[in-house]
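Chemist: here is my input; please provide its structure:
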Amino acid sequence: MTDSANTAPRVGSPSARSSRTRCASTWTERADGALILRRLDRLDQAMARDHHDLELLSDGLGIRTPGVPEGAKPAARQAAEVQWKQFVAHLADRFSDGHRFTDGLPQGGDGGEAERGPA
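Modeler: Now for the predicted structure:
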């Protein structure tokens, strides 16, 4: 009668090393897979934020204002030029500070920056 202790691979035997290598390889593949899934999740969340930002931008640019009567067009054009220059200067200041308007807006279902944790 054979004892199970006699049939198990010895610690230093090639079959025991092969078994450990297989287990380590499987663990590494699972860890790599989890890492890839987390990275894909973060990319998906970033794409959702970008989509949200693009929708806001599209809606903002799509707003139409009522027409200006013919007699008031020169004054309206001059006022619009002053406002445009102020807008461009303000926008340049905000972007140079790294601030985005959409940073303060709720993001929908993705939980916000605090819940996502570091990137």
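
Chemist: all helices for the protein, in order.
Modeler: 4-7, 14-62, 73-96, 112-116 (DSSP state H).

Chemist: between those helices, which one is closest to Leu105.
Modeler: Proximity to Leu105 (Cβ to Cβ) singles out helix 14-62 among those, at 7.6 Å. Where you see a C-beta, it was placed from the backbone N, CA and C, and this is true even at glycine.

Chemist: coming back round to it: need the helices of the chain in a markdown table (columns: mean pLDDT).
Modeler: Formatted as a markdown table, the helices of the chain follow (pLDDT from 0 to 100):
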| stretch | mean pLDDT |
| --- | --- |
| helix 4-7 | 53 |
| helix 14-62 | 80 |
| helix 73-96 | 90 |
| helix 112-116 | 46 |
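
Chemist: out of the ones you listed, which gets nearest to Asp103?
Modeler: Here helix 112-116 is closest among those (Cβ to Cβ), at 8.7 Å.

Chemist: can you redo the helices of the chain as JSON lines with distance to Asp103?
Modeler: Putting the helices of the chain into JSON lines (distance: least, Cβ to Cβ, whole Å) gives the following:
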{"stretch": "helix 4-7", "distance to Asp103": "64"}
{"stretch": "helix 14-62", "distance to Asp103": "10"}
{"stretch": "helix 73-96", "distance to Asp103": "10"}
{"stretch": "helix 112-116", "distance to Asp103": "9"}
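
Chemist: nearest to Thr102, of those helices?
Modeler: helix 14-62 (5.0 Å).

Chemist: possible to save the helices of the chain as CSV with mean neighbour count and distance to Pro106?
Modeler: Below are the helices of the chain laid out as CSV (neighbours: other Cβ atoms under 10 Å; distance: least, Cβ to Cβ, whole Å):
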stretch, mean neighbour count, distance to Pro106
helix 4-7, 6, 62
helix 14-62, 11, 10
helix 73-96, 10, 20
helix 112-116, 10, 7
